[in-house]
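Participant: Compute the structure for the input listed below.
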Amino acid sequence: MILTTRLSDARKYASADLRDTERKKLFFRLDGLDTDSAVDLILEASDIEERGPETIRQAIQIANALDFHPLALNAASSLIRSAVYSLVEYADALDTRLAQKELLETESEQARYLKVSTTFEVSADSLKSLASTDPTAEAALALLDILGFMHHQDVSEDIFVRAWEHEESVLSEFEGKDEDGDIEHLTAWHVTQSRSIFSPLPPAGRIQLFRKARALLGRLSLVSLERTRNYLSLHLLVHTWARERVLHPGKAWTAVASMLALSARGSMYWQPFTEQIVRHCKANFSTWQKNMTPEPWGLCRIWNIHAWQMARTDDMERLPICLELVSQAETLSFDQFEQSPVATAKHLLGNAYRNDDQPTEAIKILEQVVKVQENRLRKDHPSRTSAQHDLANAYRGVGRLAGSIAILEDVVAMQEWLPKDHPDRLESQCSLAIAYAVDGRITEAVEILEHVVKMQEMLSEGHDRRLAFQHELASVYQDNGRITEAIEILEHVVKMKEGLPEGDHGLLASQHELARAYWGNNQTRKAMELLEHVVMIEQQTLRNNDPFRVISVDLLARIRKEEDGLDDDEQYEDGELSEDGYEDSSSDRSSTGWENAELLARIKKEKAGYDDDCDKQYEGDDEDESNVEHEDEAINECKDEEYPNQDPTGSETSDSVTKQFGHRTIELVLRSRHTQQGDCR
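Facilitator: Okay, here's the model as predicted:
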């Protein structure tokens with residue numbers, strides 16, 4: 001394995017050369033080009049044909065000043081080729097810049113890269129000199145200012161175009177309206193920030209100006225262009241320099257953040273471009289600093305959109321942005337509004353904790369959200385039922401089935417006013433059916449899921465939501481002994497998903513479930529081949545302790561054990577089975593119940609720790625909850641006595657705690673990158 005770095009002191013981490021008697025470090029410093037190669041590069045890239053002694057001397061002067069770095073030499077040549085500078089003029093301009101930085105005689109690694117950045121500054125100087133008379137040069141400087149606050153690769157023209165097109169929708173809907181306390185929509189303020197990037201021309205005019213500016217930066221070798229996809233990218237050195245040179249970073253950051261939120265069309269749902277947007281949202285957040293102080297309501301609305309877009313890709317890095325969103329929301333004044341921005345932000349945070357496999361924290365946060373919304377919103381308000389839905393699923397995730405079912409039954413009842421085929425209503429019914437199935441109420445689960453699947457028949461065969469509900473019905477059919485019907489449905493679902501990436505969570509979940517159905521139908525070889533594929537992909541895409549990966553390895557080990565004819569007390573020597581073996585209390589292969597001692601212990605520990613924390617917090621507190629008048633009291637309440645709580649000692653059977661993991665689909669499939677509206681609304 002070869003690693004590259006710009007840190008010269010990284011030598012101490014290099015391995016020793018075992019073939020060398022002196023055990024020298026396997027560390028090599030890669031210097032710039034040799035003199036002849038550097039001169040050839042400058043003169044050829046500059047389109048200079050004359051190779052006289054004076055020309056050679058000037059080229060060597062430039063190469064020396066830039067430490068023979070190919071990227072810097074190429075950028076310098078672009079300016080000379082564009083006739084902005086002659087060879088001698090560029091050498092003089094470069095010397096002036098370097099002298100200002102007192103870098104001519106320094107030899108440190110940092111100085112070397114500062115020298116490289118100097119050639120970029122000379123390019124920027126040439127743009128500044130033209131900006132007063134050339135709108136394209138002015139736009140190129142503006143574009144350069146914002147690129148440092150996006151990801152350095154694959155900056156698509158479409159990102160800008162979508163934002164400009166969505167501006168009018170925002171203005172027509174929200175301009176002139178009073179603040180309403182809802183952070184789930186953008187406002188005219190975001191349009192103003194986004195428009196500060198370029199002159200406020202009509203969208204068609206801005207597109208043309210953007211393309212001209214992009215082409216100019218490309219001619220100066222500050223960006224590279226991929227014309228087939230209309231993408232531009234920056235070398236990391238250029239990207240860092242572009243951000244550090246900005247005089248007003250807070251203004252530039254806010255403009256980019258607003259533009260990205262507008263480019264997502266102000267939506268919390270998955271869209272075909274969501275994955276493209278997310279990488280830039282993450283890069284934008286990573287460059288945010290505390291001293292950047294955009295308007296607080298506007299910032300909360302930006303981060304709300306960014307975090308939801310990250311949620312739609314199951315991005316594991318969305319927890320920090322959710323924490324900052326909550327912190328920012330808590331500074332807002334919103335007592336006069338129906339909606340609580342803190343509750344909205346904490347709803348996102350709770351789901352981020354769930355995604356990060358922190359169920360105890362998720363439940364605490366989601367219970368706070370539900371409590372606040374019970375005090376502020378009507379029973380059938382979508383925000384209230386959405387938070388209750390997610391809390392119920394979090395309860396189910398740690399085996400608290402009684403509480404989960406009680407909440408979901410309430411939610412389903414509250415949503416009866418929605419159309420029968422409304423996505424939110426069907427999702428809640430599906431979640432209730434899963435909870436019933438995990439609780440052993442198979443007949444009720446089948447009845448609900450058959451209704452849900454029927455309601456989706458108007459959708460196309462390959463629609464993600466339709467496939468997700470079919471998957472869940474097939475899982476429950478297995479629990480009900482209807483293996484043949486389950487296989488027929490799952491084979492159809494897997495076929496419809498064949499175009500998805502191999503690592504798609506929804507596809508893996510369906511393949512896993514189909515393998516389980518094959519095994520239940522005595523098609524052991526087919527089950528083993530399919531599950532081996534699932535395990536291989538999950539090893540590449542999931543954490544070692546991910547519950548779904550544990551399930552797949554567990555099931556594959558059981559199938560192999562049967563295929564190889566091992567006795568019940570025999571185990572594989574290669575570690576495929578746990579040290580404690582497997583305690584399969586059911587002989588029915590179609591059962592979703594499985595045992596893993598380590599994971600069960602973690603689940604029970606999470607449950608017990610959560611309830612112990614609640615009991616300590618409420619020890620000796622007899623205050624009637626109905627007397628809570630202020631939100632700061634309600635927001636910190638931990639225990640929700642309206643719904644039955646689970647005995648932390650584990651009074652529910654271990655099978656009911658773990659059986660739910662067989663229903664791994666509705667959250668994975670509906671929250672996957674191909675979802676438009678998901679369980680994690």
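
Participant: domain ranges for this protein?
Facilitator: Domain ranges of the chain: 35-129, 134-298, per automatic domain parsing.

Participant: May I have the distance across the shortest one, first residue to last?
Facilitator: Taking Cα to Cα, to the nearest Å, the span from the opening residue of domain 35-129 to its closing residue is 32 Å.

Participant: hang on, the earlier thing: in a markdown table: the domains of the chain, plus distance to Ala515, mean pLDDT and mean neighbour count.
Facilitator: For glycine as for every other residue, the C-beta is placed from the backbone atoms N, C-alpha and C. Putting the domains of the chain into a markdown table (distance: least, Cβ to Cβ, whole Å; pLDDT from 0 to 100; neighbours: other Cβ atoms under 10 Å) gives the following:
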| stretch | distance to Ala515 | mean pLDDT | mean neighbour count |
| --- | --- | --- | --- |
| domain 35-129 | 50 | 76 | 18 |
| domain 134-298 | 27 | 89 | 19 |
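
Participant: hey, where'd the helices end up in the stretch 151-300 of the chain?
Facilitator: Per DSSP state H, counting those that start in this stretch, the stretch 151-300 of the chain carries helices over the ranges 157-174, 188-195, 203-219, 236-244, 249-263, 274-286, 296-311.

Participant: With distance to Gly520 as added columns, please give these in JSON lines.
Facilitator: Listed next are these as JSON lines, based on distance: least, Cβ to Cβ, whole Å:
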{"stretch": "helix 157-174", "distance to Gly520": "46"}
{"stretch": "helix 188-195", "distance to Gly520": "53"}
{"stretch": "helix 203-219", "distance to Gly520": "56"}
{"stretch": "helix 236-244", "distance to Gly520": "52"}
{"stretch": "helix 249-263", "distance to Gly520": "47"}
{"stretch": "helix 274-286", "distance to Gly520": "35"}
{"stretch": "helix 296-311", "distance to Gly520": "34"}
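
Participant: before we move on, the earlier item: which one of the domains of the chain lies nearest to Ile551?
Facilitator: domain 134-298 (25.0 Å; Cβ to Cβ).

Participant: so how far is the closest one from its chain's centroid?
Facilitator: 19 Å (Cα atoms, centre = their mean, to the nearest Å).

Participant: hmm, back to that, would you list the domains of the chain in CSV and tack on distance to Ile448?
Facilitator: Converted to CSV, these look like this (distance: least, Cβ to Cβ, whole Å):
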stretch, distance to Ile448
domain 35-129, 61
domain 134-298, 24
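
Participant: buried residues in stretch 382-396?
Facilitator: Across stretch 382-396, burial judged by 16 or more other Cβ atoms under 10 Å covers 383-396.

Participant: Tell me the one of those residues nearest Val39?
Facilitator: Asp390 (64.3 Å).

Participant: Quick check: the closest one touching Lys346?
Facilitator: No: judged on Cβ atoms under 8 Å, Asp390 makes no contact with Lys346 at a distance of 11.1 Å.

Participant: Quick check: neighbours shared by these two?
Facilitator: Contact criterion Cβ atoms under 8 Å, 6 or more residues apart in numbering; residues shared by Asp390 and Lys346: Leu366.

Participant: Show me the shaky parts of the stretch 501-650 of the chain.
Facilitator: 565-650 (pLDDT under 70).

Participant: how close does the nearest residue to Gly148 once chain neighbours are set aside sit to Ile146?
Facilitator: Nearest residue to Gly148, sequence neighbours excluded (Cβ to Cβ, 6 or more residues apart in numbering): Arg243, at 2.8 Å. Look at Arg243 and Ile146: by Cβ to Cβ, to the nearest Å, they are 9 Å apart.

Participant: can you check Trp270 too?
Facilitator: 26 Å.

Participant: Of the helices of the stretch 151-300 of the chain, which is nearest Val446?
Facilitator: Among the helices of the stretch 151-300 of the chain, if distance is taken as Cβ to Cβ, the winner is helix 296-311, at 30.5 Å.

Participant: buried set for the next helix or strand after the closest one?
Facilitator: Sequence order places helix 319-329 as the next helix or strand after helix 296-311, per DSSP states H and E. Under the neighbour-count criterion of 16+ other Cβ under 10 Å, helix 319-329 has 319, 321-322, 324-326, 328-329 buried.

Participant: got the angle for helix 319-329 vs helix 274-286?
Facilitator: Computed with axes from the mean of the first three to the mean of the last three Cα atoms, to 10 degrees, the direction of helix 319-329 lies at 60 degrees from that of helix 274-286.

Participant: Nearest to Arg229, out of the helices of the stretch 151-300 of the chain?
Facilitator: helix 157-174 (8.8 Å).

Participant: and for that closest one, what are the contacting residues?
Facilitator: Looking at what lies outside helix 157-174 - Cβ under 8 Å, 6+ apart - the contacts are 185-188, 190-191, 194-195, 203, 206-207, 210-211, 214, 230-231, 259-260, 262-266, 273, 276-277, 280.

Participant: could I get it in PDB with only the CA atoms?
Facilitator: What follows is helix 157-174, C-alpha atoms only, in PDB (Å, rounded to 0.1, in the frame of the first residue of the first chain):
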ATOM      1  CA  GLU A 157     -24.200  23.400 -13.300                       C
ATOM      2  CA  ASP A 158     -27.500  21.800 -12.300                       C
ATOM      3  CA  ILE A 159     -27.000  22.800  -8.700                       C
ATOM      4  CA  PHE A 160     -27.000  26.500  -9.600                       C
ATOM      5  CA  VAL A 161     -29.800  26.200 -12.200                       C
ATOM      6  CA  ARG A 162     -32.200  24.400  -9.700                       C
ATOM      7  CA  ALA A 163     -31.600  27.100  -7.100                       C
ATOM      8  CA  TRP A 164     -32.300  29.900  -9.500                       C
ATOM      9  CA  GLU A 165     -35.400  28.200 -10.800                       C
ATOM     10  CA  HIS A 166     -36.700  27.600  -7.300                       C
ATOM     11  CA  GLU A 167     -36.200  31.200  -6.200                       C
ATOM     12  CA  GLU A 168     -39.500  32.400  -7.800                       C
ATOM     13  CA  SER A 169     -41.500  29.600  -6.000                       C
ATOM     14  CA  VAL A 170     -40.100  30.700  -2.700                       C
ATOM     15  CA  LEU A 171     -40.800  34.400  -3.400                       C
ATOM     16  CA  SER A 172     -44.400  33.800  -4.600                       C
ATOM     17  CA  GLU A 173     -45.200  31.700  -1.500                       C
ATOM     18  CA  PHE A 174     -43.400  33.400   1.400                       C
END
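
Participant: now the angle from that helix to helix 203-219?
Facilitator: 150 degrees.

Participant: Helix 249-263 and helix 157-174, what's the angle between them?
Facilitator: Using the same axes, to 10 degrees: helix 157-174 against helix 249-263 is 80 degrees.

Participant: Could you list the low-pLDDT ranges of the stretch 351-500 of the chain?
Facilitator: For the stretch 351-500 of the chain, no range has pLDDT under 70.

Participant: do that again at 90, thanks
Facilitator: By pLDDT under 90, the weakly predicted segments of the stretch 351-500 of the chain are 355-357, 459, 462-465, 479, 498-500.

Participant: can you give me the helices for it?
Facilitator: 359-376, 382-397, 401-414, 423-438, 442-455, 464-479, 483-496.

Participant: what is the orientation angle of the third one with helix 359-376?
Facilitator: When you say that, I think you mean helix 401-414. Computed by the same axes, to 10 degrees, the angle separating helix 401-414 from helix 359-376 equals 40 degrees.

Participant: Is it correct that Trp519 is in contact with Ile559?
Facilitator: Yes: in this structure, Trp519 is within contact of Ile559 by Cβ under 8 Å, at 5.6 Å.

Participant: neighbour count winner among the two?
Facilitator: The residue with more neighbours, out of Trp519 and Ile559, is Trp519; 24 against 21, by other Cβ atoms under 10 Å.

Participant: name the element the more buried one belongs to?
Facilitator: helix 505-520.

Participant: how far off helix 483-496 does that helix point, in degrees?
Facilitator: 150 degrees.

Participant: helices or strands next to helix 505-520 in the packing?
Facilitator: Helix 505-520 is packed against helix 464-479, helix 483-496, helix 524-541, helix 547-563, helix 665-670, with contacts defined by 3 or more Cβ pairs under 8 Å, 6 or more residues apart in numbering; DSSP states H and E.
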